Structure formats: C-alpha cells, structure tokens
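Engineer: need a structure here:
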Amino acid sequence: MLHLALAGNLLTSIESGPQLYSIGLLPTYGGPADVILQSQIPLRLERCEKSNLECFLKIEAPYQAPPKLTEEEENVNVSFLALPAAGALETYKSIGEFYTKLEDMIKKSARYVTFKNKNLQFSPKEFFADKMIEVTDQESAHNALKIIIDQGEGSVGVEDAHYQMFLDLYKRRTEWECHAVPNSPKAEMYKENKLVYELALASNAAYCYLLITIQKTWQVSNLVLRRALISNTHSIMIDIMTPIAEVMVEEPFQDGKAAPPFQFYPTNAGEDLSRVDEAANELREAIKLHLGNAINEVRDVKKKEILNVIKFSVDHVLWPIPVLDDSA
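Structural biologist: Sure, this is the predicted structure:
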C-alpha cells in the first residue's frame, strides 16, 4: 500500500490522479493474451508453488544497468519526462527496469514539469508517517520513487523488498502446503454452486469497491472525507475481502477448493470520474446483495454468522454516505 500511495502521489502531482476502477486497466488472468512485460510473462492466479513464484521473480527482477556512456553519448536524444502510456510495460523486461528508467526520466525533467495538487496527496499525517512523501518538486518526486525501488520492485538484499521476499519464498517452497484452488478462476465457473457463485460476485464487487475508494482519495482535500476514505480502505481489505476469501477457500470445488476471481464488477454509473460516488454506492449495495444471497444458501450456523459479520462491516463503512461533504 505504501508503494501504491507513493506512485499515486507522483501521478497526482503532475496530472489529475490515477484511475483504478476501469475495465481496461484491471489485469485479467489465465488467457493467452494475459501477459506482462516485454518477456511476455503469463499472468495467472494459481496456488503459491514453483511456477507461480518463478513468474513473480521474473516480474520483480532487479534492473541491470547498461554500460556507462560517454558524455557525448549521454547528450544524444535526451528526452523529457513523459508518462508511460497504457501498455508501456510491454517495452520493459521487469518492473525494476521500468522504475529505473522512470527514475532517470525524473532526473532529466526539471524544466519540463510543474508539480501541483499537494492537497490531494496522501500525507505523512494520514498514512505511513515518515515513509510517506508528498511530491512537490523534482527532489521529492525522486525520493518517492527511490523508496519504491529500494523497498520493493527491483531491489536485491533489502530485507522487505518484494524481489527478496519472493526469492526467500522460492527457496522455502517445499515447506508449506497450498489450497488446491482452480487456476485463474472466473465467477462464471461457479454458477452450478449457488453459494460459491454469490461469494465470488461479492468478492469482485468488494475488490472494485476497494479500487474506487483508493481512487477517490486522490480527488478530495476535505480532511473528514479523506479520513473516511482511508478508514474504508483498511476496512474493505481486512473486514470484507479477507473473510470472504477465507470462506471461499473452505468451500469444495471440483477436486479442491474455491478461490476469489478478482474480476471487474460493472456499475450503471460506469467509469465516469464525475460519477465515482454513484459507482461506489452501487458496488457497496452489490456486496450486500450477493452476501445476502450467500447467507440464504448457507446451512452451517457458524458460517452463516461469519457472513453476517462481513455484511455488518459493509453496512458500516464510512463512504459514500450523504452526511459527508465531498467537496474539495
């Protein structure tokens, strides 16, 4: 979440902020076209085993710098900072290489970029304390990206770095057992099992509700609403998405267990940025609808209680509700 917040601050400082709730931007999994990066690494949802971990290691692989250029070579075709277009990751072999290129572009961008929208960015008082950086100039932009690189993608030997964590998991991959879940599941796969199908739809709606909540946070400066949105983010992940997934992986499906599909859940409001609150309301109501349907299918008293607690959490999220003024 820290890296997402920093990347969102970077984008908000030079544009209008990220759009996360979008069918064209959400990854899809398991199909022949579902790949990432120049090396066409397959995007799959599957149990945490050898092939899956190898994909993560390839995606997070550290960037190997090219040979040092002469001063004359350095000055040829120097470009200014331009935001990577959709699909731009296809030109990079790893996320580490992408971030290293972005870092270089930031260094060369000083006279081309005007930084703005500090009041719409995550601040240290709201999120991650001293690790959070509000991007107001070239130096803070570079510092924000450096944290992402050092702690996450493309880092070697940093204890909490993504690459190092996946490497450690890969070395220990025989030490645990994984749920036998289907590869890259889709909600439609579960239609014959009414309970699992409704849970899958609730999970999809909650996933998109999380994305649109985070997206909304970069659109408002009202402190009361921002705190509600940040509280929502935590509640959706911990009190809604996680327990739905835990119930799903206890449900039999084919030769193993079911699992969340992480798909786009459409709304009548669509992806119009001026109708974000409407879309969020629809998503929240969809979670409640599908949880209610799932509760009606459950015969186990304990499982019914768990689902009712999740539904209670959905009823008590803080956004969107009319009493909050969402004016910026």
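
Engineer: tell me the phi and psi of Leu120?
Structural biologist: The phi and psi values for Leu120, taken as degrees, to the nearest 10, are phi -100, psi 0.

Engineer: list the contacts of it.
Structural biologist: Applying C-beta atoms under 8 Å, 6 or more residues apart in numbering, we find Leu120 in contact with 12, 17, 218-221, 328. Every C-beta, even on glycine, is put in place using the N, C-alpha and C of the backbone.

Engineer: ok, Asp137 next?
Structural biologist: By C-beta under 8 Å, 6+ apart, the neighbours of Asp137 are Phe115.

Engineer: for Ser13, see how far away it is.
Structural biologist: 9 Å (C-beta to C-beta, to the nearest Å).

Engineer: what of Gln19?
Structural biologist: 16 Å.

Engineer: the more surrounded of those two?
Structural biologist: Ser13 (23 against 16; other C-beta atoms under 10 Å).

Engineer: from Gln121, how far off is that one?
Structural biologist: 7 Å.

Engineer: count of residues packed around the closest residue to Asn143 other than its chain neighbours?
Structural biologist: Take Asn143 and drop its neighbours on the chain: the residue closest to it by C-beta to C-beta, 6 or more residues apart in numbering is Ile133, 5.5 Å away. Using other C-beta under 10 Å, Ile133 is surrounded by 25 other residues.

Engineer: all helices of this protein, in order?
Structural biologist: Taking DSSP state H as the test, the helices found in the chain are 2-14, 50-59, 71-74, 95-107, 138-151, 162-171, 194-217, 223-235, 242-248, 276-297, 301-315.

Engineer: could you pull up the residues touching Leu193?
Structural biologist: Not Leu; residue 193 is Asn. Contacts of Asn193 (C-beta under 8 Å, 6+ apart): 251, 253, 258.

Engineer: any idea of the pLDDT on it?
Structural biologist: Note on Asn193: pLDDT of 96.

Engineer: where do the domain boundaries of this structure fall?
Structural biologist: 2-173, 187-315 (automatic domain parsing).

Engineer: which of these sits closest to His179?
Structural biologist: domain 187-315 (4.9 Å; C-beta to C-beta).

Engineer: what is the end-to-end distance of that closest one?
Structural biologist: 24 Å (C-alpha to C-alpha, to the nearest Å).

Engineer: now stretch 170-177
Structural biologist: 13 Å.

Engineer: please apply the same query to stretch 173-180.
Structural biologist: Across stretch 173-180, first to last residue, C-alpha to C-alpha, it's 15 Å.

Engineer: on that earlier part again, residue contacts, the residue nearest to Asn143?
Structural biologist: By C-beta under 8 Å, 6+ apart, Ile133 lies in contact with 6, 9, 124, 140, 143-144, 147.

Engineer: so what's Phe128 up against?
Structural biologist: Phe128 touches 1-2, 5, 122, counting by C-beta under 8 Å, 6+ apart.
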